[in-house]
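Asker: Kindly return the folded structure for what I paste below:
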Amino acid sequence: MSNVRDNQDSKPAVRFKGFSDAWEQRKLSDISKIFIGLVTTMTTNYTIKGTLLIRNSDIKDGRFEFSKTPIYLNEEFARKNRTRKLLENDVVTVHTGDIGTSAVVGPHEVGAIGFATINTRPVSQLLDSKFLSLFLNTVQHKQWALRMSTGDGRNNYNLRDFTRLVLFVPSITEQIHISKLLTLLNETIALHQRKVENLQKLKKSLLQQMFVSGNDQVPKIRFKGFADAWEKRKLGDLFHKVNERNNGQFDNTRWISVARMYFQEPDKVTSNNIDTRTFVMRKGDIAFEGHPNKEFMFGRFVENDIGDGVVSELFPIYRHSGKYNLNYWKYAVKLEWIWKYIFAKSITSSGNSSNKLDTRHFERQSIRTPTMDEQKKIGNFFASLDNLIAVNQRKVENLQKLKKSLLRLMFI
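Answerer: Have a look, this model is predicted:
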């Protein structure tokens with residue numbers, strides 16, 4: 001089967017005003033030149049400067065993303081393969097991996113060579129490069145590509161199948177209208193995504209500078225009006241372990257997923273002993289989640305900021321012994337660069353992939369804490385920053401939904 005969508009109307013559901021003609025069904029190879037990237041072994045020709053090499057993993061939806069250290073080919077090898085060099089507005093498509101995903105060659109990628117990529121050079125009077133790239137990134141094309149794919153473990157988009165691809169195309173004027181709108185939408189999504197990423201970087205930096213660790217007595221950055229050293233406190237004075245059993249207080253609607261801190265959907269709660277094999281976790285309590293990973297060497301604490309509920313008895317629960325600010329401790333208990341030294345002296349291996357916390361050793365460790373007023377300032381600041389990040393992340397998600405809908409409605 002060579003068509004992506006069979007027996008479909010030849011007009012899209014959504015169009016720009018002034019366009020009403022039916023779209024024409026064309027074979028891609030009739031309106032473009034299609035060629036494969038280099039498939040030979042070339043590692044001996046890698047260099048730190050020369051001709052850029054585009055790998056399948058560098059191709060994302062409508063853009064290229066290269067690592068901090070892109071791969072280049074030495075110029076002599078590149079000259080021998082100059083017929084494979086990419087021109088501006090060529091469309092580069094993933095051949096192995098996330099097949100079908102495509103991006104248009106811009107000024108930065110001109111002259112690059114693709115490594116086992118599928119490359120398309122449209123006839124500019126008949127096919128707009130951005131329009132083609134947008135089509136290739138649609139769900140309908142990718143689903144068709146997957147059906148045609150081969151491979152064991154990794155999908156491969158055969159060049160033979162790609163050259164058989166048939167698509168519906170409007171006039172070049174309508175193509176450009178569509179590509180301009182969706183390109184603008186892509187740029188808006190990228191703008192908000194960069195804003196989210198920058199806010200996350202800012203948050204990470206401020207967390208490192210607004211909390212105290214090691215032998216320091218004050219943070220590097222403070223709010224105006226605070227100058228006193230943070231007080232060094234034993235964790236045993238700040239927290240105490242609790243083993244509060246459920247005893248029927250809470251049903252499966254209050255089952256807390258500790259790792260991500262949310263109430264699990266009742267039909268997904270698998271425990272048959274919710275009344276007896278669980279601990280009550282009150283709002284403000286912290287639970288030790290002892291699974292080490294790249295981010296947390298020994299495991300981590302998670303604070304309950306969602307409300308009273310129950311957790312598996314596998315998670316030890318600690319409760320504040322005095323006054324505290326919930327927002328402050330929500331961030332304070334997650335700081336790996338502080339807690340890893342405390343955990344190193346207070347955990348024991350359980351014999352599997354999870355660590356156990358020795359309460360006696362844990363309570364002997366110390367941590368520096370600010371006054372309640374400063375806790376409140378810090379906690380509220382980071383809560384507001386998180387809200388700002390969430391607002392922008394929702395914008396990204398809503399724009400992505402809009403894009404997905406428009407791709408479905410503006411293409412055939």
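Asker: Now for this structure, the helix or strand with the poorest mean pLDDT.
Answerer: Lowest on mean pLDDT, DSSP states H and E among the helices and strands of the chain sits strand 347-349, with a mean of 82.
Asker: model confidence over whichever helix or strand comes after it, on average?
Answerer: Per DSSP states H and E, the first helix or strand lying C-terminal to strand 347-349 is strand 355-357. The average pLDDT for strand 355-357 rounds to 91.
Asker: Direction included, what does strand 355-357 pair against?
Answerer: strand 347-349 (antiparallel) (DSSP bridges).
Asker: Show me which residues of the strand it pairs with are buried.
Answerer: Judged by neighbour count using 16 or more other CB atoms under 10 Å, the buried positions of strand 347-349 are residue 347. For glycine as for every other residue, the C-beta is placed from the backbone atoms N, C-alpha and C.
Asker: Also stretch 158-170?
Answerer: Neighbour-count burial for stretch 158-170 [16+ other CB under 10 Å]: 158, 161-163, 165-170.
Asker: One more: stretch 284-291?
Answerer: So stretch 284-291, judged by 16+ other CB under 10 Å, has buried residues 284-290.
Asker: Also stretch 76-94?
Answerer: In stretch 76-94, counting by 16+ other CB under 10 Å, buried: 77-78, 81, 84-86, 89-94.
Asker: cool, stretch 375-382 as well?
Answerer: 375, 377-379, 381-382.
Asker: okay if I get those as a markdown table plus secondary structure and distance to residue 313?
Answerer: Below are those laid out as a markdown table (DSSP: H, G, I helix; E, B strand; the rest coil; distance: CB to CB, whole Å):
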| residue | secondary structure | distance to residue 313 |
| --- | --- | --- |
| 375 | helix | 30 |
| 377 | helix | 36 |
| 378 | helix | 33 |
| 379 | helix | 29 |
| 381 | helix | 35 |
| 382 | helix | 31 |
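Asker: quick one: which of the residues you listed is nearest residue 201?
Answerer: Lowest distance from residue 201 to the buried residues of stretch 375-382 (CB to CB) belongs to residue 382, with 14.2 Å.
Asker: from what I can see that closest one touches residue 325, true?
Answerer: No: here residue 382 does not reach residue 325: they are 11.0 Å apart, not a contact under CB atoms under 8 Å.
Asker: thinking again about what came up before, among the buried residues of stretch 76-94, which ones are in helices?
Answerer: 77-78 (DSSP state H).
Asker: closest to residue 361 among the buried residues of stretch 76-94?
Answerer: Nearest member of the buried residues of stretch 76-94 to residue 361, counting by CB to CB, is residue 94, at 51.2 Å.
Asker: From what I see, the closest one and residue 60 are in contact.
Answerer: No: the criterion here is CB under 8 Å, and residue 94 misses it with residue 60 at 9.3 Å.
Asker: quick one on the thing from earlier: next step: the buried residues of stretch 158-170 restricted to helices.
Answerer: Among the buried residues of stretch 158-170, the residues falling in helices (DSSP H) are 161-163.
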